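Engineer: Test case, fold it:
(chains A, B and C)
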Amino acid sequence: MRSLDLLWLVPALPIAGAALNGLICLFWPKAGKATATLIGVGFPGVSMLVALAAIWQYLHGTNPAPFEQTLWSWTTGTFSIPIAFLLDPLSVVMLFIVTFVGFWIHVYSAGYMSHEPGYRRYFAYLNLFMGAMLLLILGNNFLVMFVGWEGVGLCSYLLIGFYFDQSFPPQAGRKAFIVNRIGDFAFLTGMFALAAKYGTLTYSKIFPVVVGAPEALKEHYALGLTFAGFVALCFFIGAMGKSAQIPLYVWLPDAMAGPTPVSALIHAATMVTAGVYMVVRSNAIYQLAPEIGTFVAVIGAFTAILAASIGLVQNDIKKVLAYSTVSQLGYMFLAAGLGAYTAAVFHLGTHAFFKALLFLGSGSVIHAMGGEQDMRKMGNLRKFMPVTFWTFALGTAAIAGVPGFAGFFSKDEILHNTAATGHWGLFAIGLLTAGLTAFYMVRAVAMTFFGKFRGTHEQEHHLHESPWVMTVPLLVLAVGAVGSGWVGIPEILGGGNSFHHFLSPVIADFSNRLPEHAVEHPEMAASTDWLLLIASVAAGLIGIGYAFKLYGRGEFGGASWARRFPAVYRLLDRKYWVDEIYDRLIIKPLGSFSRFLWKGFDDTIVDGSVRALAWATELSAEGGRLTTTGNVRHYALYFFLGVLGLFWWILRS
Amino acid sequence: MSLPNSVPVSWFLVLAALLFAIGVAGALTRRNGIGIFLSIELMLNAANVALVGYSRLLGERTGQIMVLFVMAVAAAEAAVGLGLFIAVYRQRRTIDVNRLNLMRW
Amino acid sequence: METAIFLIFAALALGSALMVVTHKSPVYATMSLVVTLFSLAVMFVLLGAPFIGALQVLVYAGAIVVLFLFVLMLLNISKEEHQQEGQTVHRWVALLGAGAFIGLVVPLLYRAAQPRNAGVLTEQFVSIREFARDLFGRYLLQFEIVGLLLLVAVVAATVVARKPPAAPSGAPGADSPVSEVEP
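Structural biologist: Residues are numbered from 1 along each chain as shown, chains lettered A, B, ... in the order given. Okay, the predicted model is just below:
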């Protein structure tokens, strides 16, 4: 039996695990933790093994065509939605990241969450997330993707609000859910437009038609956009919500209220990259809407620099990583918007490894510090937890773009493409962001692991390296953070850029139909390429070096900058007042409008009319009751008056 | 024999209407059960006058036959009604219909 | 001559009818009704229905009214009780309704009977022979039905007015009347 045929098991197993744990949670609350771990880690583990086997068979198969597996079809009228899975190079990459990183985060969770109440509930949610995410990436049409898309949104909400007995996490969960809903609305609108035009949502039926007749998508459609532009914009707004881009990024920093492994899995490695995946998946449409592509790139670039600048001043270790995630997602959209889809996916993959590693490392630190997340109260932790320190350092090197590490290759690929397409302004932003990234990450490392310990004696006494169940995932992911970039070593460095070639079948080729699209991977002079490479490395190294200079000796060297530019510091510290502006511009007016609808419309008009009806009924009933005196004479009078009325009626002519 | 006929029939009809109205007013305002019965007898008699008047007007004797039947029915009604009043009086010690409000909600 | 008789007895009938309706004492009211019935008997004669007039006197004044008086004596009801509170509205509505009835009907009756005033009375119209022929000819069935109705009424009146049999002593839950009147 071919393991490819077991592909359906990959999403089914985690969902089954979630259901099993959920049922036990409901009907057998006294059950021990061992079964929760066995189910919660075992099912995604088996799922990963099946996925790896399927990937292996796909890569070594004789048939390079995408593999599709249809479970059943859901038909209404002439419109049919197959519940089917697709394995092509893009989903292979995503499948590997999600199952592999996801599994190791599950393992890590078993250690991290071992003392928490709601252990089994946690694993039920986390497994459900895995199932939904796998549906998202494996679905062979937009609707199955959307089901997964909503499923991961739900799990994100549930897991952000995991500590529902505290006040902030549920609020953060709601915020994430509501902000995502704005994007989901646009995503749905785009899907409706596609379904209306093509009568199907299956990739393999839409994209060949798009490639075959690209002119049809260039006609004016709505909002002054072409059809391609409209769908691309709708999808990108959907991606803005899920992947935390300006202006919908505000939920992601708050999402750190969830348990740290959740932040690693959902809010760094997998779910938030769903938007990137969707844009790359719909690249045929985006290629036909270059104006939207540029818009995507600009939004991505500004998100990258904005989030990086906020990350400079954060003192909460998870907040630093959260803004870093937003920033890196901006990078991916910068690449995707400029047509460098493989570069976007490449960075997505490397980022999944090193950002998951960094989050898990921070989780290990927080675990050791007894829940403390403020880096100002840490310091010198490398003495106490060497494994965490070294893996965290490797992750930092990867994200900072130290040559040879994963982030170096993927980030350089993006910057290379930005420059190659002639967007020098965006390139400058990207370069600056690279420097800032290196700076704030090294600042975090220095504050956490170097200098003197600044916490209480109590905390110092309890400092310990995390158990093996947590350190092993760190080590595994560290290997990925170092080595995952090697699949895409650019040609200039002697590599074959094999990742790019692997993914290229997924990228729609318009060169036959539209000659102006042929320049997908423009050539540039080797000397310029080297210059760019050196610039990007230099930006990273300058950031690293300066951060060490300011923070390396356990001092807060940044304070002098804050003193020198108090206005700038305040701007960054308050995160550009974005939350406050949204509150003032959107939430407050919406609240007052809703209150008006509630008090002014619902209470007075809707309820009022119902109450008036009840009141009138009661009044007439009361009046009617008074006539029923029981006195025969009164009845006789009514009778007579009725006869009189009849008389009048008959004689009225 | 040719009988005189100097009073217009309409006068009789108007008399009947007035009597009927008086009877209605009495039936509705009197509280004594016997009084109500008397008023009803008035109304019946007003109807009798109207019947005979129309019978005269149309030269048709059927109206008079009807009057006979009305009288018989009135007699039956009086007998049963008065019997009822006796029974009610035995129970309630009154035939004031204001006190007989058993048909209350 | 006839006009004078009509006017006198019409006035008498209306006046005594008002007495029937307004007099506090039921006995006086009943006696006033007798006067009304006599006056109406005269009206019947004027209308060429002497037999009906005779029946009016015999059956109504002689039998029915005597029955009323008999019951009144039996129940020993002298005066109507005093007016209770809240009766005025009822009274005014009733009077207003009666007035409205007059306003509605009288002009109509007057108008309707005016153009076709009755012709000359014939001997045949007035005769009892013809009346009897109608009654026991065309209307025999109805006549018999009315007889049956009277029989039923007599039985019903007897049953209703009968003194309820005393409940067997010691029978619990027996439906005994509140009080009993000694005849």
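Engineer: Please make it C-alpha for all contacts and neighbour counts, starting now.
Structural biologist: OK.
Engineer: In terms of helices and strands, where is the closest residue to C:Val105 other than its chain neighbours?
Structural biologist: When the adjacent residues along the chain are set aside, C:Val105 lies closest to B:Ala17, with 7.0 Å between them (C-alpha to C-alpha, 6 or more residues apart in numbering or on different chains). According to DSSP states H and E, B:Ala17 maps onto helix B:9-29.
Engineer: can you confirm C:Leu135 is in a strand?
Structural biologist: No. Using DSSP: H, G, I helix; E, B strand; the rest coil, the assignment for C:Leu135 is helix, not a strand.
Engineer: in chain A, what spans have low per-residue confidence?
Structural biologist: Chain A contains residues with pLDDT under 70 at A:1, A:62-64, A:495, A:512-524, A:554-555, A:557, A:653.
Engineer: can you tell me the residue of it closest to chain B?
Structural biologist: Residue nearest to chain B within chain A: A:Gly630 (3.6 Å; C-alpha to the nearest C-alpha).
Engineer: buried sites along stretch A:96-114?
Structural biologist: For stretch A:96-114, the neighbour count (16 or more other C-alpha atoms under 10 Å in any protein chain shown) marks A:96-113 as buried.
Engineer: Now, these that are in strands?
Structural biologist: Using DSSP state E, no member of the buried residues of stretch A:96-114 sits in strands.
Engineer: Cross those residues against helices and list the overlap.
Structural biologist: Among the buried residues of stretch A:96-114, the ones falling in helices (DSSP state H) are A:96-112.
Engineer: what about the strands in the stretch 151-300 of chain A?
Structural biologist: With strands called from DSSP state E, counting those that start in this stretch, the stretch 151-300 of chain A shows them at A:220-222, A:225-226.
Engineer: neighbouring strands for the last one, and are they parallel or not?
Structural biologist: Think strand A:225-226. Sheet pairing for strand A:225-226, assigned by DSSP bridges, gives strand A:220-222 (antiparallel).
Engineer: what's next to the strand it pairs with, contact-wise?
Structural biologist: Outside strand A:220-222, the residues that touch it by C-alpha atoms under 8 Å, 6 or more residues apart in numbering or on different chains are A:Thr226, A:Phe227, A:Phe230.
Engineer: Now for the residue nearest the centre of chain C: which residues touch it?
Structural biologist: Nearest to the geometric centre of chain C sits C:Tyr60, at 7.1 Å (C-alpha atoms, centre = their mean). Applying C-alpha under 8 Å, 6+ apart to C:Tyr60 gives the contacts B:Met71, B:Ala75, C:Leu37.
Engineer: How about the secondary structure of it?
Structural biologist: Strictly by three-state DSSP, C:Tyr60 counts as helix.
Engineer: And the pLDDT for it?
Structural biologist: Looking at C:Tyr60, its pLDDT is 85.
Engineer: now it: how far from A:Ala526?
Structural biologist: Distance, C:Tyr60 to A:Ala526, using C-alpha to C-alpha, to the nearest Å: 137 Å.
Engineer: out of everything not next to it in sequence, what's closest to the most centrally placed residue in chain A?
Structural biologist: Nearest to the geometric centre of chain A sits A:Val272, at 1.8 Å (C-alpha atoms, centre = their mean). Leaving out its chain neighbours, the residue that sits closest to A:Val272 by C-alpha to C-alpha, 6+ apart is A:Ser243, at 4.3 Å.
Engineer: Let me know the helix or strand that A:Ala434 is in.
Structural biologist: Using DSSP H and E, the element containing A:Ala434 is helix A:424-449.
Engineer: List the buried residues of that helix.
Structural biologist: For helix A:424-449, by 16+ other C-alpha under 10 Å, it's A:426-449.
Engineer: which SS class is A:Glu68?
Structural biologist: Judged by three-state DSSP, the three-state class of A:Glu68 is strand.
Engineer: longest helix in the chain, by residue count?
Structural biologist: As the question left the chain open, I've gone with chain A. Identified as the longest helix of chain A according to DSSP H is helix A:168-198.
Engineer: if you could check chain C rather than the one you did, that'd help
Structural biologist: Across chain C, the helix with the greatest residue count (assigned by DSSP H) is helix C:88-113.
Engineer: following that helix, which helix or strand comes up?
Structural biologist: Downstream of helix C:88-113, the next assigned helix or strand under DSSP H and E is helix C:123-126.
Engineer: pLDDT (mean, whole number) over that following helix?
Structural biologist: Computed over helix C:123-126, the mean pLDDT rounds to 76.
Engineer: residues of that helix that come out buried?
Structural biologist: C:Phe125, C:Val126.
Engineer: Quickly check: that helix near chain B or not.
Structural biologist: Yes. Helix C:123-126 is in contact with chain B by C-alpha under 8 Å from any C-alpha of the partner chain, via C:Glu123, C:Phe125.
Engineer: on contacts alone, who are the packing partners of that helix?
Structural biologist: The helices and strands touching helix C:123-126, judged by 3 or more C-alpha pairs under 8 Å, 6 or more residues apart in numbering or on different chains; DSSP states H and E, number zero.
Engineer: and it, how far from the chain's centre?
Structural biologist: Relative to its chain's centre, helix C:123-126 lies at 27 Å (C-alpha atoms, centre = their mean, to the nearest Å).
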